[in-house]
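K.L.:
coords please:
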Amino acid sequence: MRAAGSWILAALLALTAEGGELRLTWSELQAWTGPQSRVKILTGEGVWIEARLERVEEDRLALAVLKSSDPSRYAKGQTILERTAVQRIAVRRESKTARTGLAIFGAVLFGPLMAAGGAQGYSEGSQVVNAVVSASIVFGLLGYLWGRSIDNRWTDVVLTAPAPTTSQEPPSQGLKRADPPEKSLPLPAPGAEAR
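P.N.:
Below you'll find the model as predicted:
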């Protein structure tokens, strides 16, 4: 029983590995607007801002600031941040999926599974029930906390240059490619057998 629990735990840990980074153009940040999205921005002044991204313009961001490492400069509320002020940016979606799922998983499956392995020495039925209930509560709480850390994970954004939108001829327009010389194969003489 304990070996199965260890395998399940190892599989869940592998599923929650860091997501890495996301490569976006400036205009693609628009996908991260809305009430369920958050951005974390490091300015050139060294100030961290956590905000909801409301609008992406060509040279600036409209933000609803939620937290700031320097509230005197970036207080809670609406603000505009110039593109040149953005040094680093990270994004996340607000979700409760992982914390809910892992809390249920821990309470319903993992807790009783672990309690069953440790409850073999109990003589009374009430002790077994207490062990299962206690393990379900503990593993449900651990699942909730673990899920919360997954839900609150930030993904770093690497801003890239947009792809060229003009349809110009390739730069090798004036250069001509030399074709390889044609090879002529000798034809067999009429009436000769092919070997």
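K.L.:
give me the number of residues near residue 26?
P.N.:
For residue 26, the count of nearby residues is 17 (other CB atoms under 10 Å). In this view, the C-beta of every residue, glycine as well, is placed from N, C-alpha and C.
K.L.:
which residues does stretch 49-59 contact?
P.N.:
Stretch 49-59 has contacts (CB atoms under 8 Å, 6 or more residues apart in numbering) with 26-27, 29-30, 32-35, 37-41, 43, 61-69, 74, 78-79, 81-84.
K.L.:
now, these that are in strands?
P.N.:
37-41, 43, 61-68, 78-79, 81-82 (DSSP state E).
K.L.:
from those residues, list just the buried residues.
P.N.:
Applying 16 or more other CB atoms under 10 Å to the ones in strands among the contacts of stretch 49-59, the neighbour count classes 37-41, 43, 61-63, 65, 68, 79, 81 as buried.
K.L.:
break the protein down into its structural domains.
P.N.:
The record, using automatic domain parsing to delimit domains, assigns the chain the ranges 21-94, 95-152.
K.L.:
residue 159: which of these is closest?
P.N.:
domain 21-94 (6.1 Å; CB to CB).
K.L.:
rounded mean pLDDT for that closest one, please.
P.N.:
The pLDDT scores in domain 21-94 average 93.
K.L.:
now the end-to-end length of it.
P.N.:
Chord length of domain 21-94, first to last residue, is 18 Å (CA to CA, to the nearest Å).
K.L.:
separation between residue 130 and residue 74?
P.N.:
Remark: distance between residue 130 and residue 74 (CB to CB, to the nearest Å) = 52 Å.
K.L.:
who's more crowded, those two?
P.N.:
residue 74 (22 against 14).
K.L.:
so how far is residue 62 from that one?
P.N.:
For residue 74 relative to residue 62 (CB to CB), the value is 13 Å.
K.L.:
in a markdown table, list the domains of the chain along with distance to residue 159.
P.N.:
Converted to a markdown table, the domains of the chain look like this (distance: least, CB to CB, whole Å):
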| stretch | distance to residue 159 |
| --- | --- |
| domain 21-94 | 6 |
| domain 95-152 | 23 |
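K.L.:
just checking, what packs against whichever helix in the chain runs longest?
P.N.:
For the chain, the helix reaching the highest residue count under DSSP state H is reported as helix 125-151. Applying 3 or more CB pairs under 8 Å, 6 or more residues apart in numbering; DSSP states H and E, one finds that helix 125-151 makes contact with helix 97-105, helix 111-118.
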